[in-house]
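1. Next input, structure requested:
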Amino acid sequence: MLFKEVIGHKELKASLIQSIIDGRISHAQLFLGSEGSGNLALALAYIQYIYCENKGKQDACGVCPSCRKIQQLSHPDLHFSFPVIKSGKEGETADEFIAEFRKAIIEDPYINLLNWYEYLGNQNKQGIISVKESNHIIKKLSLKSFEGGFKCYLIWMPENLNSAAANKLLKTIEEPPDKTIIILVANDSEQIIPTILSRTQLVKLARLSNVEIAEGLIEAFETEKQLAENLAAMSEGNYFQARNLALNAGENNENFVFFRDWMRLCFKKNIKGVSNWVDDISKIGRAQQKDFLKFALHLLRQCALSNYNVEGLITIKGDERVFMQNFAPYINHLNFEDYITLFSEAQSHIDRNANAKILFTDLSYQLLVLLKAASDQLKK
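-> Modelled structure (predicted):
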């Protein structure tokens, strides 16, 4: 992956390139950024530049043997560790899934954890990086490099290291073998044990701007400008989300229909209808459920903007706009934070493998209460 292929982060890219040119390559680094920020893509571009045999001042050449190997994630001195789902005796080490990982990352270096599990065919279980995997990492790093240069170990989503596995790596991260680079790529530093954080140099990725995301969509998919800007606003700094919205425009409409029908059922206190709706949404995958909740949050925020007559910031149009105008009066300064908290917590619970049927049933009953209270206020 070339630096120029990574969306945004212009100044950070330049800083990373200069650090390599100056020979300032830290042995342990943490590429930290929220989902869809491009931290994995940037880490791969950084690694490619390190290995490139014909470095330019602004990017790797992309055509030398080392570049081609990195682009295929097959360089013999580049190793990967990532969460895997244990199944019986299998599924303890990343090596067992390296072919799938290479394919998934080459297809989409902005992939998130939930979609990785979906790629493995088991999105309803949480993956881990085990003690056995930590032992593999230590063993591989103790070996000599195949091509005589740097050995590099990229650990994706170290948040999934259990405490025993994380502690096992402390000494190696603090004092790795000579000419060794360990790169951690994470979304949430609070889920990484402090002793690992303190041993790494932080490479912090800022949230992508709507302009950067829109430009990325236009370049990658030739998306119409207005649509690209709408999708960028909806994605809230997450290029992975924006790209999925661009690729699945019909799915986005499906999310709207799900939300509209749900709110109508809750407003009418149609318990049987709500129960059937919960059954339907419980049958779709966790990745889709998470996308739906993100869409719902976006629509709620658009309703709030409508109430404050901030027309310049309202991006939705068509049937969604009509629904929003009718629904917005029930989203006010008294309950807006309650809505946002409920849907944000639901997202978090989905990430943690919550039972979807229980989650959406509970959420529905809380929405019944909020809508009833808002309706009573409007009647006064």
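
2. quick one: the helix ranked longest in the chain to chain centroid distance?
-> When the chain is parsed with DSSP state H, its longest helix is helix 356-379. A distance of 29 Å separates the centroid of the chain from that of helix 356-379, by C-alpha atoms, centre = their mean, to the nearest Å.

3. other SSEs contacting that helix?
-> helix 249-267, helix 271-282, helix 336-351 (3 or more C-beta pairs under 8 Å, 6 or more residues apart in numbering; DSSP states H and E). Heads up, the C-betas are built off the backbone N, CA and C, glycines and all.

4. Those helices into JSON lines, with extra columns for distance to Lys225, mean pLDDT and mean neighbour count?
-> Formatted as JSON lines, the helices and strands packed on helix 356-379 follow (distance: least, C-beta to C-beta, whole Å; pLDDT from 0 to 100; neighbours: other C-beta atoms under 10 Å):
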{"stretch": "helix 249-267", "distance to Lys225": "15", "mean pLDDT": "83", "mean neighbour count": "17"}
{"stretch": "helix 271-282", "distance to Lys225": "33", "mean pLDDT": "94", "mean neighbour count": "15"}
{"stretch": "helix 336-351", "distance to Lys225": "29", "mean pLDDT": "91", "mean neighbour count": "16"}
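
5. Rebuild those helices as CSV, extending it with distance to Tyr110.
-> Converted to CSV, those look like this (distance: least, C-beta to C-beta, whole Å):
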stretch, distance to Tyr110
helix 249-267, 17
helix 271-282, 25
helix 336-351, 17
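
6. which stretch among these comes nearest Pro83?
-> helix 336-351 (12.7 Å; C-beta to C-beta).

7. What is that closest one packed up against?
-> Using 3+ C-beta pairs under 8 Å, 6+ apart: helix 336-351 touches helix 286-307, helix 356-379.

8. Residues in contact with the last one: which ones?
-> Contacts to helix 356-379, defined as C-beta atoms under 8 Å, 6 or more residues apart in numbering, come from residues 262-263, 265-267, 269, 274-275, 277-279, 281-282, 286, 289, 329-332, 334-335, 338-339, 342-343, 346, 349-350.

9. go again using 7 Å as the cut-off
-> 266-267, 269, 274, 278, 281-282, 289, 329-330, 332, 335, 338-339, 342, 346, 349 (C-beta atoms under 7 Å, 6 or more residues apart in numbering).

10. Buried ones in that helix, by neighbour count?
-> 356, 359-364, 366-368, 370-371, 374 (16 or more other C-beta atoms under 10 Å).

11. what does stretch 46-66 give?
-> 46-52, 55, 59-60, 62, 64, 66.

12. now, among the buried residues of helix 356-379, which is nearest to Asn167?
-> Of the buried residues of helix 356-379, the one sitting nearest to Asn167 (C-beta to C-beta) turns out to be Leu359, at 33.0 Å.

13. any chance of the helices and strands packed on helix 336-351 in JSON lines, plus mean pLDDT and distance to Ile193?
-> Converted to JSON lines, those look like this (pLDDT from 0 to 100; distance: least, C-beta to C-beta, whole Å):
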{"stretch": "helix 286-307", "mean pLDDT": "84", "distance to Ile193": "26"}
{"stretch": "helix 356-379", "mean pLDDT": "92", "distance to Ile193": "29"}
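
14. Distance to Ala206 for those helices - can I get that in CSV?
-> Formatted as CSV, those follow (distance: least, C-beta to C-beta, whole Å):
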stretch, distance to Ala206
helix 286-307, 20
helix 356-379, 31
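
15. Mind checking the ones you listed for the one nearest to Glu92?
-> helix 286-307 (22.8 Å).

16. and the closest one with helix 249-267, angle?
-> Note on geometry: by axes from the mean of the first three to the mean of the last three C-alpha atoms, to 10 degrees, helix 286-307 and helix 249-267 are set 70 degrees apart in direction.

17. Can you tell me which helices and strands helix 286-307 packs against?
-> On a contact count with 3 or more C-beta pairs under 7 Å, 6 or more residues apart in numbering; DSSP states H and E, helix 286-307 meets helix 113-119, helix 249-267, helix 318-327, helix 336-351.

18. try it again with 10 Å
-> helix 113-119, helix 225-235, helix 239-247, helix 249-267, helix 271-282, helix 318-327, helix 336-351, helix 356-379 (3 or more C-beta pairs under 10 Å, 6 or more residues apart in numbering; DSSP states H and E).

19. Just the buried positions in that helix, please.
-> So, applying 16+ other C-beta under 10 Å, buried residues of helix 286-307: 286-306.

20. Then stretch 152-172?
-> 152-161, 165-166, 168-169, 172.

21. Convert the C-alpha atoms of that stretch to PDB, please.
-> C-alpha atoms of stretch 152-172 as PDB (Å, rounded to 0.1, in the frame of the first residue of the first chain):
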ATOM      1  CA  CYS A 152       8.600  -6.500  11.100                       C
ATOM      2  CA  TYR A 153       5.700  -7.800  13.200                       C
ATOM      3  CA  LEU A 154       2.400  -6.000  12.800                       C
ATOM      4  CA  ILE A 155      -0.200  -6.800  15.500                       C
ATOM      5  CA  TRP A 156      -3.600  -5.700  14.400                       C
ATOM      6  CA  MET A 157      -6.200  -5.000  17.200                       C
ATOM      7  CA  PRO A 158      -4.000  -5.600  20.200                       C
ATOM      8  CA  GLU A 159      -7.100  -4.700  22.300                       C
ATOM      9  CA  ASN A 160      -7.900  -8.400  21.900                       C
ATOM     10  CA  LEU A 161      -4.700  -9.600  23.700                       C
ATOM     11  CA  ASN A 162      -5.800 -11.300  26.900                       C
ATOM     12  CA  SER A 163      -3.900 -10.100  29.900                       C
ATOM     13  CA  ALA A 164      -1.600 -13.200  30.000                       C
ATOM     14  CA  ALA A 165      -0.800 -12.900  26.300                       C
ATOM     15  CA  ALA A 166      -0.100  -9.200  26.700                       C
ATOM     16  CA  ASN A 167       2.200  -9.700  29.700                       C
ATOM     17  CA  LYS A 168       4.100 -12.300  27.800                       C
ATOM     18  CA  LEU A 169       5.000  -9.800  25.100                       C
ATOM     19  CA  LEU A 170       6.200  -7.000  27.400                       C
ATOM     20  CA  LYS A 171       9.900  -7.800  27.400                       C
ATOM     21  CA  THR A 172      10.000  -8.400  23.700                       C
END
